[in-house]
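> pasting the sequence and the predicted model now:
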Amino acid sequence: MRAAADGWRWAALPMLSIILIFVSSVTIAQEKRWPRFEDYSLKNHYVGQPAPAKINSSRARLFRTAIRTGAKDGPNFAGHYTIIRWGCGSDCRQFAIVDARTGAVYFPHALTQIDSGPWVGDEPMAFEETMQFNKRSQLLMPLVVAM
């Protein structure tokens, strides 16, 4: 009888290991979460008429119409910045950031161009918006498709 009980314990050991691994992975997954906008929230944001975009670089001159038009909408990111997006092909977006207080135009290297993603047959596997951001948060999340 004792041998049967010992055999049962050894047979249950792999199942117990699987349960412990599962519980551990769930705990780890709960500790690591995606950043949230409220984690990077701002207390103040710019209120007032946005400054006209200062078109003072060759790149800004190249996209001056999109930049001027977008800057008029006012801040949409981090309190006083306006992220302006325009298309550069079927699955491509280019960006500029305008400071609504000063009108300064920025082209961050990492956001110069973001491709929306691959196409499979006739269906896009991409998001329409390639970034998520919020006027009252400093968090900027590019949506990247890993290949």
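Yep, it's here. Quick caveat, the model's predicted, so the values are computed rather than measured.
> domain map for the protein?
Domains of the chain are assigned by automatic domain parsing as 1-33, 37-142.
> which of those domains comes out lowest on mean pLDDT?
Of all the domains of the chain, the minimum mean pLDDT falls on domain 1-33 (a mean of 49).
> who's in contact with residue 48?
Contacts here follow CB atoms under 8 Å, 6 or more residues apart in numbering; on that basis residue 48 touches nothing. In this view, the C-beta of every residue, glycine as well, is placed from N, C-alpha and C.
> on the three-state scheme, it is what?
coil (DSSP: H, G, I helix; E, B strand; the rest coil).
> how near is it to residue 74?
Residue 48 is 9 Å from residue 74, where distance means CB to CB, to the nearest Å.
> joint contacts of those two?
Residues touching both residue 48 and residue 74 (CB under 8 Å, 6+ apart): none.
> just the helices in the protein please.
2-31, 58-62, 64-71 (DSSP state H).
> mind listing what's buried along the second one?
The reference is to helix 58-62. residue 60 (16 or more other CB atoms under 10 Å).
> which residues sit against that helix?
53, 54, 55, 67, 96, 105, 107.
> show the buried residues in these.
Buried by 16+ other CB under 10 Å: 53, 55, 67, 96, 105, out of those.
> now these as TSV including distance to residue 133?
Below are the buried ones among the contacts of helix 58-62 laid out as TSV (distance: CB to CB, whole Å):
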residue	distance to residue 133
53	18
55	23
67	17
96	14
105	17
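> lovely, talk soon.
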